[in-house]
Every structure is written in C-alpha cells, then in structure tokens.
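K.L.:
just coords:
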C-alpha cells in the first residue's frame with residue numbers, strides 16, 4: 001500500500017485557537033500560536049497507512065489497553081506506564097486515558113458487537129502529557145494523544161483543563177478510528193462534517209451510557225468540564241442547541257449552525273468540519289429526544305449501521321438522512337416510531353429524508369472489509385428480546 005497524507009482529527013477546532021490569538025492575553029496568545037503550529041506540524045507528517053493494517057493484523061482480540069507518557073515531548077508513543085490489567089500508577093491523566101478507553105470499548109462491544117476500533121480487537125494505545133501546555137487531543141490514525149491543557153499558565157489565565165479528563169472527548173477521538181475503519185468519510189466539507197458529527201454522536205453516547213442517562217436527561221454537551229471557570233461556556237459544542245456552547249471575550253462565540261439555511265462554506269477548518277457538524281449533530285439529538293429512552297440503544301444502532309454498512313467516503317448530509325431513515329426501517333419497520341423520529345430529526349435541520357431502501361451512500365467510496373454490521377446488531381437485538 002502506498003503512503004498517503006492522513007488527517008489528524010483534533011477535538012479543539014482551529015477557529016477557537018484563532019480567537020485566542022486575536023483576543024487573549026499575551027501569554028494566552030503565545031500558547032495558542034504554539035498549539036496551532038504543533039497541529040500544523042503533526043498534520044504535515046506523512047503517515048504510512050500500512051501501519052494501521054499492521055496493528056490490525058497483530059490484534060489478538062478483546063480489550064487491550066496501553067498508556068504511554070510523552071513526558072512533555074512530542075515523540076510517540078512515549079514511555080509505557082500502564083498496560084492492560086496493570087494497577088493504577090497514581091497519575092490522573094494515565095488513569096483517565098486507561099479508563100476512558102475501556103468504557104468506550106465496552107459500549108461498542110456490548111451494544112454493537114464491535115471488538116475495538118477496527119472490529120478485530122485492535123489494541124487501544126494512548127499517550128498522555130503530550131508536549132507542554134498542549135491544548136488539544138487527537139487521533140493520529142494509530143493511537144490517541146492527549147495534552148494537559150493550560151498547566152503552564154497562571155490560574156487566572158487558564159482556559160482549558162486536562163483533555164484526558166473528558167470522557168466524551170476520549171470517545172469522540174476513538175470513534176474517529178472507527179470511522180477510519182468503516183465509511184472513511186473524507187475530512188472535508190460535508191463528508192468531513194459528517195465525520196466530526198459521527199464522532200460527537202458516539203462520544204456523547206459513551207458518556208450517557210456511563211452516567212446512566214436517557215435522551216431527555218443528558219446534557220448533550222461535547223467537552224463538558226473541559227473549559228475552566230475563567231471561560232463563559234459549558235463546553236466545546238452543544239448537540240441540543242448548536243451555537244450556544246460558549247460566548248466568551250477570549251474564545252469568541254460558538255459558531256455552529258443548527259440548520260442547513262445557515263451552512264457555512266469556509267476557507268479554513270477543511271471547509272468548516274467542526275462548525276457545520278452542528279447540523280447533523282442536532283438532527284441526531286432531535287431524533288433521539290423524540291424517541292426517548294436510552295439513545296445508545298435504538299437511535300445509536302441506526303447511526304452505527306449507517307456508518308458501517310451504507311455511508312462511504314464522499315457521503316453528503318442528504319445521503320446520511322436518506323440512509324439513516326432506511327436503516328431505521330430495516331431495523332424497526334417502515335412507518336415505525338423509530339423511523340418517524342429519524343425523519344423528524346432531519347426535518348428540523350432543513351433536510352427531507354427519503355427512504356429508498358438503504359442506498360449506497362452516494363457516489364464513490366470503498367466499503368468496509370468487515371462483514372456487514374446490520375446482522376450483528378440484529379442478532380444482539382434478538383438476544384436481548
């Protein structure tokens with residue numbers, strides 16, 4: 001397999017760092033500029049995607065976590081500090097990365113029958129303490145990487161807490177690996193926004209399942225607890241109300257739209273992948289809220305089967321709407337409450353979903369090499385009555 005440039009999927013969008021550079025204190029500006037530079041350097045590195053295939057081949061199956069410590073450097077993966085089954089080591093970031101990977105694995109395995117990121121038991125490797133004062137977390141195509149936030153700034157100037165402390169951020173980034181193994185949504189424009197949205201959806205579902213929340217008691221905030229008390233905001237994004245997560249003199253105002261009428265074609269952020277993801281995010285929220293109950297069960301299964309079996313690299317929002325509507329019919333019947341909730345979700349964001357019996361995700365793309373996820377999900381549904 002030839003080398004390709006592989007997208008680095010960061011949780012913190014570049015527009016937020018740009019706002020800090022424009023409006024922050026001198027020290028905040030220096031840190032934000034440093035983090036933008038680091039992000040550009042990481043994205044510019046050539047990744048050999050045969051390494052991802054090698055990790056798949058070496059996977060033995062089952063939960064297999066390893067946490068490494070970068071010791072505030074940039075060499076990955078760093079020094080091994082905790083492996084699967086090892087006791088805690090007394091470092092909160094290490095324990096968070098270890099536990100978060102396990103909680104994410106358990107949802108995918110127990111709810112959807114998926115064995116790790118690649119479906120074949122791929123080891124879950126994480127690196128903590130990446131760089132010094134690094135304000136981000138990312139999936140680099142092979143592993144998770146977490147920064148420590150604004151540890152080097154005076155308390156009064158800190159904007160971000162430790163990135164490993166947020167379970168939905170960890171699950172979001174690990175889900176980018178699932179997307180990479182399945183639909184492989186191109187990280188630009190509408191397919192890229194769908195990529196970000198899928199990561200937000202399953203990141204939120206992992207958190208909701210961990211907390212025992214249903215659709216109507218969940219906060220639907222991505223990155224709750226990440227922002228310090230110095231910031232006027234509740235998190236990075238709101239699936240319930242896109243555009244309202246923060247409104248701060250330094251970070252600016254949350255720019256996410258919740259309707260196609262406000263879709264933004266942008267010359268940065270790969271066409272606005274972190275911004276326009278608010279549209280499919282809100283569609284999922286409305287559908288899940290309309291149906292009620294545990295969102296990871298029915299609505300999550302619909303989105304999961306769509307991701308694994310139907311969407312492809314170039315799928316647009318309309319294809320996602322049509323496919324999720326069709327999958328809802330496949331799983332729960334045409335005209336079912338579940339299918340009606342999906343239709344309402346997309347209608348609320350300005351997209352009329354049409355059930356064409358499943359579709360192929362739009363033009364182009366390469367289907368996953370794994371067996372279809374629909375049979376596995378249906379088998380789990382039968383086992384649980």
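P.N.:
That came in fine, so what should we check first? Keep in mind the model is a prediction, meaning the values are calculated, not measured.

K.L.:
check which element follows the longest helix seen in the chain along the chain.
P.N.:
Ranked by residue count and defined by DSSP state H, the top helix of the chain is helix 189-211. Counting by DSSP states H and E, the element after helix 189-211 in chain order, helix or strand, is strand 221-222.

K.L.:
for this protein, name the helix or strand with the lowest mean pLDDT.
P.N.:
Each helix and strand of the chain was given a mean pLDDT (mean pLDDT, DSSP states H and E); the minimum falls on helix 50-58 at a mean of 48.

K.L.:
and after it, which helix or strand comes next?
P.N.:
Downstream of helix 50-58 (by DSSP H and E), the next one is strand 65-69.

K.L.:
in its sheet, what does that next one sit against?
P.N.:
Counting by DSSP bridges, the strands paired with strand 65-69 are strand 79-83 (antiparallel), strand 124-128 (parallel).

K.L.:
so which of the ones you listed gets nearest residue 35?
P.N.:
strand 124-128 (16.3 Å; C-beta to C-beta). C-betas here are computed from N, CA, C, even on glycine.

K.L.:
what comes up buried for the closest one?
P.N.:
124-128 (16 or more other C-beta atoms under 10 Å).

K.L.:
can you show me the strands along the stretch 1-150 of the chain?
P.N.:
9-10, 65-69, 79-83, 124-128, 137-139, 144-146 (DSSP state E, counting those that start in this stretch).

K.L.:
redo the buried residues of strand 124-128 as CSV? Include pLDDT and distance to residue 197.
P.N.:
Putting the buried residues of strand 124-128 into CSV (pLDDT from 0 to 100; distance: C-beta to C-beta, whole Å) gives the following:
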residue, pLDDT, distance to residue 197
124, 97, 23
125, 96, 25
126, 97, 23
127, 97, 26
128, 98, 27
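
K.L.:
how about residues contacting whichever strand or helix holds residue 341?
P.N.:
Using DSSP H and E, residue 341 sits within helix 337-348. With contacts defined as C-beta atoms under 8 Å, 6 or more residues apart in numbering, helix 337-348 is touched by 259, 282-288, 290-291, 298-299, 302, 321, 324-325, 328-329, 331-333, 352-353, 355.

K.L.:
repeat that with 6 Å
P.N.:
Contact partners of helix 337-348, identified using C-beta atoms under 6 Å, 6 or more residues apart in numbering, comprise 283, 286-287, 290-291, 298, 321, 324-325, 328-329, 332, 353.

K.L.:
among the residues you listed, name the ones in helices.
P.N.:
Taking DSSP H as the definition of helices, the contacts of helix 337-348 contribute 283, 286-287, 290-291, 298, 321, 324-325, 328-329, 332.

K.L.:
give the contact list for residue 204.
P.N.:
Residue 204 touches residue 168, counting by C-beta under 6 Å, 6+ apart.

K.L.:
could you check how far it is from residue 285?
P.N.:
9 Å (C-beta to C-beta, to the nearest Å).

K.L.:
check the closest residue to residue 160 other than its chain neighbours and give its pLDDT.
P.N.:
Closest residue to residue 160 apart from its sequence neighbours, by C-beta to C-beta, 6 or more residues apart in numbering: residue 149 at 4.1 Å. For residue 149, the pLDDT comes out at 94.

K.L.:
what about residue 149, how many neighbours?
P.N.:
24 (other C-beta atoms under 10 Å).

K.L.:
quick one: it and residue 164 touch, right?
P.N.:
No. In this structure residue 149 lies outside contact range of residue 164 using C-beta atoms under 6 Å: 9.3 Å.

K.L.:
list the contacts of the closest residue to residue 240 other than its chain neighbours.
P.N.:
In space, residue 240 comes closest to residue 220 once its chain neighbours are excluded; the distance is 4.0 Å by C-beta to C-beta, 6+ apart. Listed by C-beta under 6 Å, 6+ apart, the contact partners of residue 220 are 239-240, 285.
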